[in-house]
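**Q** quick one, what's the 3D model for this:
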Amino acid sequence: MPRACEPVVLDESPWHLLGAYMRHWREEVRSISQRELARAAFVDQGELSRWERGLARPHADHIKGIDDALGAEGRLVTLHGLVVEIDRLRTLATKENSDEEVATERRQLLRFAATSAAFGAFGMPGEPVRRLLSLSLNHDFRSVAEWEVSCADHLHALRTRPPAQVAADLAIDLMTVRRQLDACASAELAGLHRVTATLSAILANALTRRGDHGAAIRWWRTARQSADLSGDFGLRLLVRGEEAGHGLYGQRAPETVIRLVESAEQIAGKPSVDFMTTRAKALSMLGRHDEAKQTLHALLRLAETDSPSDPWGFWSASQVHFAESWVHAGAGEEAAAARARDDVLRITRDYQYKANIALHGALCTVVQGGTDEGVRQAAGTIGGMSPAYRSTHILETGRMVLRAVPIAQQGRPAVMEFHEVLATTGATKHA
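**A** Presented below is the predicted three-dimensional model:
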């Protein structure tokens, strides 16, 4: 039986955590002795013992050998890189350096942590990263007003930058606001919960764009919980509306999305433009085109007098026109869909909307019987984009185009070529 790891005093140095994690892999995961690991990794057993106790600093080459011997698939190598950077930062802070220089170094470290480990790029669990980051200096705490500016910045980034970059930057701020929440006075709690809900919703959006649906659903849950804790009724509704809407892009079944909408409507206590746009699109996906158009007509009437309460900038009038384009394209109503697409392009700032509007045009063409023309148009739209911007929202809309192709025409060369475009893009969308 493997022995439980002895407690590690992390405050002594980051190297103690690396040692504990090495020992965890040796004892708990692989159940081998120090002697066996030292022999397999071609290192001295006495040195290995000191590394596991945090009393010495292993070279990167030694860590690579240990990682290979344990089959850790880069986890120990990644953690070692973080430890080296944190140790360097701690040393920098004790010397005569400006606060600005230290802060810059710290943010570079956090970015490295977020991009290399926080999203599981190496399968490394989050707890070692969290404990390491807790050893870094200068908390970068901000006022609620400053945090609100940061939320606006992240929203702008979401609409203009690749989702992988947005997600990494958000991870940094979410770690910081989480620590600030733990230390804040009660007077700041509601505001910081509001910030946490907003940042979590943006991250869930970014993760959806990357196709990381499991992680996205967990962050939607965090956003809902934080919004509820904030006591902000408008934010509670907005987060639920965003969660339902983004669920349509391969994250949840349309029927589940409709249930989310119904649950949110019960909280709202009245019809909502945001929820109705999602309901209309979900009904269209289910092939219930008459119901989708009925919902759309009710939406357009309501939109003349009402709009979601959104001081954060999630909502845009383009979403109503986008739902129009979606529903009319799915029903093959070209003129109405084209008018809605023009309205979206006149308003939107989001690169996804621009691409998906073009794909709605391709969908409408296919529904009207122009299979080859429609799929070629869709392939040109997606193939002409930089790979970093080919989000899951765009790929799933492309799959809507494919699903509209009649079964008898699925084997046509143009259709097969579009299948290949989507398959190739899907394999590289996280790059």
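**Q** quick check: which element contains Leu79?
**A** helix 75-94 (DSSP states H and E).
**Q** cool, and Glu420?
**A** Assigned by DSSP H and E, Glu420 falls in helix 413-428.
**Q** wait, Asn356 sits on Ile394?
**A** Yes - contact between Asn356 and Ile394 holds when scored by Cβ atoms under 8 Å: they sit 6.1 Å apart. Placement of C-beta: from N, CA and C, glycine included.
**Q** neighbours of Ile217, just the number please.
**A** 17 (other Cβ atoms under 10 Å).
**Q** now do the helix or strand that it is a member of: distance to the chain's middle.
**A** According to DSSP H and E, Ile217 maps onto helix 213-230. From the chain centre to the centre of helix 213-230 is a distance of 12 Å (Cα atoms, centre = their mean, to the nearest Å).
**Q** got it, and stretch 200-208?
**A** 4 Å.
**Q** Asp68 against Ala41, yeah?
**A** Yes - look at Asp68 against Ala41 with Cβ under 8 Å: they come within range, at 7.3 Å.
**Q** so between the two, which is more surrounded?
**A** Ala41 (18 against 15).
**Q** these two touch, right, that one and Ile66?
**A** Yes - using Cβ under 8 Å, Ala41 is in contact with Ile66, at 4.6 Å.
**Q** and for these two, which residues touch both?
**A** Leu48 (Cβ atoms under 8 Å, 6 or more residues apart in numbering).
**Q** quick one: Ile63 and Gly74 touch, right?
**A** No - the criterion here is Cβ under 8 Å, and Ile63 misses it with Gly74 at 10.3 Å.
**Q** so those two - more neighbours on which side?
**A** Ile63 (24 against 17).
**Q** what's near enough to touch that one?
**A** Leu76, Val77, His80.
**Q** element containing it?
**A** helix 60-70.
**Q** now that helix: average pLDDT?
**A** For helix 60-70, mean pLDDT is 93.
**Q** wait, His62 touches Asp44, no?
**A** No - contact criterion Cβ under 8 Å: His62 and Asp44 do not qualify, at 9.4 Å.
**Q** and those two? Which one has more around it.
**A** Legend: neighbour count by other Cβ under 10 Å for His62 and Asp44, higher for His62 (18 against 12).
**Q** give me the pLDDT for the closest residue to the more buried one other than its chain neighbours.
**A** Nearest residue to His62, sequence neighbours excluded (Cβ to Cβ, 6 or more residues apart in numbering): Val43, at 5.4 Å. Looking at Val43, its pLDDT is 94.
**Q** tell me how far Val43 lies from Thr78.
**A** The gap separating Val43 from Thr78 is 19 Å, by Cβ to Cβ, to the nearest Å.
**Q** what about Ala355, helix or strand, and which?
**A** helix 351-367.
**Q** the residue of the chain most remote from its centre and Leu55: what is the separation?
**A** Most distant residue from the mean C-alpha position of the chain: Gly46, 43.4 Å away (Cα atoms, centre = their mean). For Gly46, the distance to Leu55 (Cβ to Cβ) stands at 11 Å.
**Q** next structured bit after the helix or strand where Glu146 lies?
**A** Element membership for Glu146 (DSSP H and E) is helix 144-160. For helix 144-160, the following helix or strand on the C-terminal side (DSSP H and E) is helix 163-183.
**Q** which residues of the stretch 301-431 of the chain score low on pLDDT?
**A** Applying pLDDT under 70 to the stretch 301-431 of the chain flags residues 425-431.
**Q** what ranges do the helices span in it?
**A** 318-330, 334-347, 351-367, 371-383, 392-403, 413-428 (DSSP state H, counting those that start in this stretch).
**Q** the shortest one versus helix 318-330: what angle between them?
**A** Compare the direction of helix 392-403 with that of helix 318-330 by axes from the mean of the first three to the mean of the last three Cα atoms, to 10 degrees and you get 20 degrees.
**Q** packing partners for helix 392-403?
**A** helix 186-210, helix 351-367, helix 371-383, helix 413-428 (3 or more Cβ pairs under 8 Å, 6 or more residues apart in numbering; DSSP states H and E).
**Q** show me how far it is from its chain's centre.
**A** The mean C-alpha position of helix 392-403 is separated from the chain mean by 19 Å, Cα atoms, centre = their mean.
**Q** list the buried residues in that helix.
**A** Thr392, His393, Ile394, Leu395, Glu396, Thr397, Gly398, Arg399, Met400, Val401, Leu402 (16 or more other Cβ atoms under 10 Å).
**Q** so how far is His193 from the second one?
**A** If I follow you right, that is His393. For His393, the distance to His193 - Cβ to Cβ - is 28 Å.
**Q** same check on the third one?
**A** Applying Cβ to Cβ, one obtains 32 Å for the distance of Ile394 from His193.
**Q** what are the structural domain limits within the protein?
**A** For the chain, the structural domains run 14-133, 139-231, 316-431, going by automatic domain parsing.
**Q** can I get those domains in TSV with distance to His289?
**A** As requested, these are exported to TSV (distance: least, Cβ to Cβ, whole Å):
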stretch	distance to His289
domain 14-133	38
domain 139-231	25
domain 316-431	4
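**Q** Ala298: which of those is closest?
**A** Shortest distance between Ala298 and those, using Cβ to Cβ, is found for domain 316-431: 11.5 Å.
**Q** need the contacts of Ile63 in JSON lines with neighbour count and distance to Glu262, can you?
**A** Output for these, formatted as JSON lines (neighbours: other Cβ atoms under 10 Å; distance: Cβ to Cβ, whole Å):
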{"residue": "Leu76", "neighbour count": "24", "distance to Glu262": "48"}
{"residue": "Val77", "neighbour count": "18", "distance to Glu262": "48"}
{"residue": "His80", "neighbour count": "24", "distance to Glu262": "50"}
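**Q** what's the closest of the residues you listed to Ala379?
**A** For the contacts of Ile63, the nearest to Ala379 is Val77 (39.4 Å; Cβ to Cβ).
**Q** so for the closest one, what's the pLDDT?
**A** 84.
**Q** look up how far Gly81 lies from the nearest residue to it once chain neighbours are set aside.
**A** Excluding its sequence neighbours, the residue lying closest to Val77 (Cβ to Cβ, 6+ apart) is Asp67, at 5.1 Å. Here Asp67 is placed at a distance of 11 Å from Gly81 (Cβ to Cβ).
**Q** between the two, which is the more surrounded one?
**A** Asp67 (21 against 17).
**Q** contact partners for that one?
**A** Counted by Cβ under 8 Å, 6+ apart, Asp67 has contacts Glu73, Gly74, Arg75, Leu76, Val77.
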